[in-house]
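Chemist: Return atomic coordinates for the entry below.
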Amino acid sequence: MTQSRLGFIPEPITVAFEKLLPSRKPPEGLALSRKFKQIVASIDAIGLIEPLTIAKADKATGKKNLLYRLGKRKGKVLFFVFSLLASTAVFSSPVFGVPFKAVYLYLPVAIVSLFIAVMMLRDQYENRKTMELLCGLNIAVNLGTSLVYILAYI
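Modeler: The predicted model follows:
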C-alpha cells in the first residue's frame, strides 16, 4: 500500500504579503461588469462573502499563499472564522436591502459550510478521501452562496 503525500508543508514559513498571488488572473473588463459592481457593493455593506481559498504556491515566482504564511494551525482557525463570518454576512444581509428570501435559501449552504469548518478544525483533511470530499463541498458552498444571492432577487 502506498502512502499519501501531504498537501501542505508541515513547518510554517514567513512570506511577505506582496508575494501572495490570486488563484487566477481576472478576465479583462471584470471591474466594469454589473455583477462585479454588485459583489463590491455587498462586500462594502456586509463584509466578506466567502472564505479564502488556499492553494499551492507558484513555483515559477516563489510566491507563497496565505496558508504558508500563517502556518497549519492558524490557517485552519482562519478558515473556520471566515466560514462563520461568511454565514453571518449572508444571514445579516437583509438588513442591507437583500431580500429576506436569501436567509432561507442559505440555510442548507450554511450547514454544509459549518460541517466543512468543523471537519477542518478536527484535522479531518489529513485523510485524502475526506479532503477530496471537503474540497468538493467547499466548491459547492462557494457556488451555493452565489446562487442564493441570484435566487433571492428572482
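Chemist: can we go C-alpha only for contacts and neighbour counts from here?
Modeler: Will do.
Chemist: So which elements touch the helix or strand encompassing residue 138?
Modeler: Assigned by DSSP states H and E, residue 138 belongs to helix 128-152. Packed against helix 128-152 by the contact rule (3 or more CA pairs under 8 Å, 6 or more residues apart in numbering; DSSP states H and E) you find helix 101-121.
Chemist: what comes up buried for stretch 111-128?
Modeler: By neighbour count on 16 or more other CA atoms under 10 Å, the buried set for stretch 111-128 is 112, 113, 114, 116, 117, 118, 119, 120, 121, 125.
Chemist: per-residue confidence at residue 11?
Modeler: Model confidence at residue 11, given as pLDDT, is 65.
Chemist: sorry, that was for residue 140
Modeler: So, for residue 140, pLDDT stands at 90.
Chemist: From residue 134, how far off is it?
Modeler: Between residue 140 and residue 134 the distance is 10 Å, computed by CA to CA, to the nearest Å.
Chemist: right, and the helix or strand after the helix-or-strand element of the chain with minimal mean pLDDT?
Modeler: In the chain, no helix or strand scores lower on mean pLDDT, DSSP states H and E than helix 66-70, which sits at a mean of 63. Once the chain leaves helix 66-70, the next helix or strand it forms, by DSSP H and E, is helix 72-92.
Chemist: So which bits of that following helix are buried?
Modeler: For helix 72-92, burial by neighbour count (16+ other CA under 10 Å) applies to 72, 75-76, 78-80, 82-92.
Chemist: Endpoints of stretch 87-97, how far apart?
Modeler: With CA to CA as the measure, stretch 87-97 spans 16 Å from end to end.
Chemist: how big is the angle separating the helix holding residue 138 from helix 101-121?
Modeler: Following axes from the mean of the first three to the mean of the last three CA atoms, to 10 degrees, one obtains 170 degrees for the angle between helix 128-152 and helix 101-121.
Chemist: Quick one: mean pLDDT for stretch 33-42?
Modeler: The average pLDDT within stretch 33-42 is 76.
Chemist: cool, stretch 78-92 as well?
Modeler: In this model, stretch 78-92 has a mean pLDDT of 83.
Chemist: Okay then, goodbye and thanks.
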